[in-house]
Each structure stands twice: as structure tokens, then as C-alpha cells.
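> Output the structure for:
(one chain, ligands or ions: 1)
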Amino acid sequence: MGHLRLLLSIAGLAVLSACSGSHYLTTGTDAQNSFALGSHTVADSVMSKETPLAAVRAVTDTSSGFAAGKLIALTFDDGPRPYVLFGSKGDHPAPGLVDILDQNRVKATFFVVGWRLTPKTWGEPRHEENIGITCIDAAEQLTRRGHELEDHTYSHLELRTAEKKNGEQWVMHDVDRGAQAIKAVTGMQPRYVRPPDWIITTDARQDLQQHGYRVLTISAENPMALRDVNSLDYLCAGKNPAGCPKPSLPDAVLKQVEQREKRGVYTHILAFHELSTTAAVMPRLITDLKARGYRFVTLTEYMKLVGSKSGEPLKQQAAETRQTSAAVLSR
Ligand SMILES: [Zn+2]
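Below you'll find the predicted structure:
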């Protein structure tokens, strides 16, 4: 029990700082320790052509999402940050995250902050390089290129504290305002909300869900396949990334994936931030996950495939009213 308590408190500490470290300008790259991870897994063996179908059924655990195949929903919070998405041109030039995703044919989901989607906003002037692309332009590009935009609130304030100060209606309004800002750019109503640092009161979460939102969580109350995997990537940002997972961010994420696989879970929502350090490790992480047999999907696609099989009702409305992203900006 003591061990469990220790693990829980470490997880709690990590959660508390999840978004706070992500405001630094980070153009440095994470040293990539590229040792090959074994790509042969139990699931690969199970799905091989020689395996009788009955054997596949025997290990198919619908609650884990395995029936949906091996899936990754890659998600990035706190943007749009044009210099991360389209590359830094400053002292430390870096490739843009969008090009990296395109080159790897990966569609991702971006939990964006509503205030950024106001006209003539380039990001936080003190911390973020202005590359001449506004946050709105960046959001439009993301949608055009087939990525999904979801709601990370308008203010990016920690919602439990904000609720205490301003009341629950304020929280509902902040989420709605974030959604409206996204819809004004993309034409699509976001249905998924990731509260900053995953912190929200039960009442506010339930009210949001009644209003048609689905609130992402790291709570153990939910099936593992529907819980975010906290990559801890924010610990690799800033001038002193001493807390960055060792031996490297991709290895640490792959380790979390392996641990979930050992518990029979083969579908994962990976939570990252729009950071240069994170963009820099994506090519290797995507390659390694593909080698393990994973397919990358948007969050809406993920929830269609996994959500309804995981013991938690899926807001069908969210999935069904959504159009394909590419069609939206043809207006
Ligand atoms: Zn955040």
C-alpha cells in the first residue's frame, strides 16, 4: 500500500505541473538516445496470419480496446503555437511539428487555447517566437491538413481554483467560449475538453458532459483505454530540463505503452504539449510505435473505435455530427 501511495503522490505532483512548464520558449532538442526497442509483441503474435481466429477471440478484450486494433490518438495541448507547428527560424532553427506529422502520415488532435484564436494573436510575445503566422492561420492550416482541434478552455486557467473564485457557471462559460473560438475558425463544434492539468471538480465535469462535452481524464475511475497517458513532456522544456524522463522522452512514453500492453490495453491517448522539444522527438516516437504495430487516428476516430467498447457511453452526437476535417475549410 505504501508503494502505491508513493506512486500516486508522484503522479499527483506530475499532474500539478503538467501545463505550468509549457510556457517556456524551447527551441533546443532533446538528445535522442536511439536504441532499438523490440517491436515484436504479444499482440503481433496473436494477430499473425497463422493464428486461428478462435485464438484471436480468446485474447480479445473489448474493454481494453484491443478489438479496435492497436491505436494511438496523438494529442498536443496549449497551442496553436505557430513557431512549434511550422518551425522555428530563430537561433535554433527547428522543423515544424505539422511537417513531421505529414511526413509520417499521422493525423493528430490539438487541444487549443481559445484566447489564442483571436485576431492578430501570434502567441505569448515574451516567450514565443513570432514567425509571421498568426494562431488563427495556424489553426486553419491544422484543419486543412486533416488534424483535429479540440477544447483546452478559453483562458487556460486551472478550473478548480477558478470555480472556487468565480463559480461553476464561469467554468462552463470558459469551456464554451473556447469551443466557440474553435468553431469560428474550423466550422466544427469541438466535443472533447481537456481541462488544464486535468483539474476540474466532479460537478463541473458532470455538467459539461450533460452539455454534450466529453471531458478527458487521467482518473483511475475510467477504463484505462480512455485515460490519457501523461507523457510528462513539459518536464523536457525550458532552460533546465532536469526532470525530463530518462533515458529519453520517447523511451519513457514507450515504457508507459508497454506497461499498458502488459495489462491488455492496446489503445492509447497520448497527451503531449506543443513544444519544440516534443516536436523534435516525434519522428522517433512515431517510428517506434508504428514498428510495434500501432495506427494513428484522431481522437474522434479513436473514440468511435474504442469509446463505445470501454464501458462508458460515448456521446454519439459528437462523433456523428463531425465532418471530415479537410472538407470544412473549403468554404
Ligand atoms: Zn495546458
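> going forward, measure contacts between C-alpha atoms and count neighbours the same way
Will do.
> okay, which residue is most central for the chain?
The C-alpha lying nearest the average C-alpha coordinate of the chain belongs to Thr75 (Cα atoms, centre = their mean; 2.1 Å).
> ok, now which ones touch that residue?
Listed by Cα atoms under 8 Å, 6 or more residues apart in numbering, the contact partners of Thr75 are Ala108, Thr109, Phe110, Phe111, Ile269, Leu270, Ala271, Phe272, His273, Leu299.
> would you say Asp197 is within a strand?
No. Counting by DSSP: H, G, I helix; E, B strand; the rest coil, Asp197 is not part of a strand but helix.
> May I have the predicted confidence score for it?
Note for Asp197: predicted pLDDT of 97.
> And Arg205, by the same measure?
According to the prediction, Arg205 has pLDDT 97.
> any idea how far the closest residue to it other than its chain neighbours is from Ala204?
Among residues not flanking Arg205 along the chain, Val215 sits closest, at 6.6 Å (Cα to Cα, 6 or more residues apart in numbering). Val215 is 10 Å from Ala204, where distance means Cα to Cα, to the nearest Å.
> The residue nearest to the centre of the chain in helix, strand or coil?
Thr75 - assigned by three-state DSSP - is strand.
> just the strands in the chain please.
Under the criterion DSSP state E, the chain contains strands at 71-79, 109-112, 148-151, 192-193, 214-215, 228-230, 267-273, 295-297.
> Could you dump the ones you listed into JSON lines and include mean pLDDT and distance to Thr186?
Putting these into JSON lines (pLDDT from 0 to 100; distance: least, Cα to Cα, whole Å) gives the following:
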{"stretch": "strand 71-79", "mean pLDDT": "98", "distance to Thr186": "15"}
{"stretch": "strand 109-112", "mean pLDDT": "98", "distance to Thr186": "12"}
{"stretch": "strand 148-151", "mean pLDDT": "98", "distance to Thr186": "8"}
{"stretch": "strand 192-193", "mean pLDDT": "98", "distance to Thr186": "15"}
{"stretch": "strand 214-215", "mean pLDDT": "97", "distance to Thr186": "19"}
{"stretch": "strand 228-230", "mean pLDDT": "98", "distance to Thr186": "24"}
{"stretch": "strand 267-273", "mean pLDDT": "98", "distance to Thr186": "20"}
{"stretch": "strand 295-297", "mean pLDDT": "98", "distance to Thr186": "19"}
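> Which of these sits closest to the ion?
Among the strands of the chain, the nearest to the ion by Cα to the ion is strand 71-79 (4.7 Å).
> and the gap between the residue nearest to Arg205 and Phe296?
21 Å.
> Of the two, give the one with the bigger neighbour count.
Just comparing Val215 and Phe296: by other Cα atoms under 10 Å the higher neighbour count belongs to Phe296, 22 against 18.
> Mind listing the residues bridging to the more buried one?
Judged by DSSP bridges, the bridge partners of Phe296 are Ile72.
> and it, what does it touch?
Leu71, Ile72, Ala73, Leu74, Val106, Lys107, Ala108.
> Could you rerun that using 7 Å?
Taking Cα atoms under 7 Å, 6 or more residues apart in numbering as the criterion, Phe296 is in contact with Leu71, Ile72, Ala73, Val106, Lys107.
> most neighbours, which of these?
Neighbour counts for the contacts of Phe296, by other Cα under 10 Å, peak at Leu71, which reaches 26 neighbours.
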